[in-house]
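take this sequence and fold it.
(one chain, ligands or ions: 2)
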Amino acid sequence: MSTAAIIPAAGLGLRLGGEAPKALREVGGESLLVHALRGLRAATAADLVCFVVAVPPGSEHVVRTLLDPYAGDSALHIVAGGAERTDSVRHALELVPAEGIDCVLVHDAARSFVPVAVIERVVDAVRAGAPAVVPAIPVTDTVKRVDARGQVVDTPDRSTLVAVQTPQGFEPGLLRRAHACGGAVTGATDDAMLCERLGVTVQTVEGSEDAFKVTRPRDLLLAEWILAERRSS
Ligand SMILES: Nc1ccn([C@@H]2O[C@H](COP(=O)(O)OP(=O)(O)OP(=O)(O)O)[C@@H](O)[C@H]2O)c(=O)n1
Ligand SMILES: C[C@](O)(CO)[C@H](O)COP(=O)(O)O
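Ligands and ions are numbered 1, 2, ... in the order given. Below is the predicted model:
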């Protein structure tokens, strides 16, 4: 069986300064989107039927030209993203083939440096029978719930909390059902959350600090450092 990869890449990157869509910002001379796509290919090459990339509306042609050299034997579909990340994933999901896929990965372009081993763990867990899989790392801050006035309501037990990353892996039928029902869900910040709303148990696997989400300007410095380390080893 085969894998399909959805890459939501339609974000504006406002917290990064907003000069260009975040996925097109460069680290080490290449866009975050190219780095993300290359990582997915390295982990799933023989198996990866297609990439579906959701991009800012109007940038479809530019992104296709940018990514064509990196898609290899996998089909490359570019779609216009939506207002929210969930909308972008839903648009992309429409182009994932209905047959012959046993795992759909949804991977943020902004998590461009996820190690291959993390991607493999996600795919392996889906193939082992988990319908929804997320990479996770321990939370290192104490997390508090606050009210509208900024006053602390309570402090969840940190040992029960994890921070989740991408790629998130899904049995294809489940991901379709989750997004079909997702229109009624406001504020879903990841795809696993839509599955949780269906009562599905989501499995975690070990993530990595290198799978951080490039969000603010200082994250670009960390990204440059990770890339330099990898290129020198
Ligand atoms: N409407 C949107 C919003 C986000 N994304 C994608 O979802 C991932 C996670 O989003 P985030 O890191 O929040 O990116 P931005 O929305 O660009 O960030 P900001 O809020 O700073 O503008 C990114 O790969 C982003 O391109 C998307 O495809 N469609
Ligand atoms: C999907 C995600 O990366 C998992 O941690 C995260 O929820 C995306 O959040 P964002 O606010 O759209 O960056």
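
not counting residues beside it along the chain, what's closest to the spatially most central residue of the chain?
Computing the C-alpha centroid of the chain and ranking residues by Cα atoms, centre = their mean puts residue 107 first, at 2.2 Å. In space, residue 107 comes closest to residue 167 once its chain neighbours are excluded; the distance is 3.8 Å by Cβ to Cβ, 6 or more residues apart in numbering. For the C-beta atoms, the positions are set from N, CA and C on the backbone; glycine is no exception.

from what I see, the one you found and residue 120 are in contact.
No. Using Cβ atoms under 8 Å, residue 167 makes no contact with residue 120, being 10.3 Å away.

neighbour count: the two, which is higher?
Taking other Cβ atoms under 10 Å, residue 167 and residue 120 do not tie; residue 167 has more neighbours (31 against 14).

can you give me the neighbour number for residue 54?
30.

list the residues that contact it.
By Cβ atoms under 8 Å, 6 or more residues apart in numbering, the contact list for residue 54 reads 6-10, 79-82, 88-89, 91-92.

please repeat the previous calculation with a cut-off of 10 Å.
Applying Cβ atoms under 10 Å, 6 or more residues apart in numbering, we find residue 54 in contact with 6-11, 23, 60, 63, 77-82, 85, 87-93, 95, 109.

for the residue nearest to the centre of the chain, report the pLDDT, please.
Note on residue 107: pLDDT of 98.

what's the answer for residue 50, then?
95.

and the residue of the chain nearest ligand 1?
Nearest residue of the chain to ligand 1: residue 11, at 2.1 Å (Cβ to the nearest ligand atom).

can you tell me the closest non-neighbouring residue to that residue?
residue 22 (5.2 Å).

hang on, that neighbour packs against residue 110?
Yes. Assessed by Cβ atoms under 10 Å, residue 22 is found in contact with residue 110 at 5.7 Å.

quick check: phi and psi at the residue nearest to the centre of the chain.
phi -130, psi 120 (degrees, to the nearest 10).

how far does stretch 27-37 sit from the chain's center?
Remark: stretch 27-37 is offset 14 Å from the chain centroid, using Cα atoms, centre = their mean, to the nearest Å.

between the two ends of that stretch, how far is it?
14 Å (Cα to Cα, to the nearest Å).

swap in stretch 150-159?
For stretch 150-159, the end-to-end distance is 24 Å (Cα to Cα).

show me what it is in contact with.
With Cβ under 10 Å, 6+ apart as the criterion, stretch 150-159 contacts 138, 139, 140, 141, 142, 143, 144, 145, 146, 147.

tell me the gap between that stretch and the middle of its chain.
That offset, for stretch 150-159, works out to 27 Å (Cα atoms, centre = their mean).

equivalent analysis for stretch 167-174, please.
For stretch 167-174, the distance to the chain centre is 12 Å (Cα atoms, centre = their mean).

checking it against ligand 1, do any of its residues make contact.
No. Stretch 167-174 does not reach ligand 1 (Cβ under 6 Å from any ligand atom); its nearest approach is 11.5 Å.

what residues sit buried inside that stretch?
Neighbour-count burial for stretch 167-174, with 16 or more other Cβ atoms under 10 Å as criterion, is recorded at 167, 168, 169, 170, 171, 172, 174.

residue 189 and residue 84 touch, don't they?
Yes. Here residue 189 lies in contact with residue 84, judged by Cβ under 10 Å, at a distance of 9.2 Å.

the more surrounded of the two?
A side-by-side neighbour count of residue 189 and residue 84, using other Cβ under 10 Å, places residue 84 first with 16 against 10.

show the model's pLDDT score for that one.
94.
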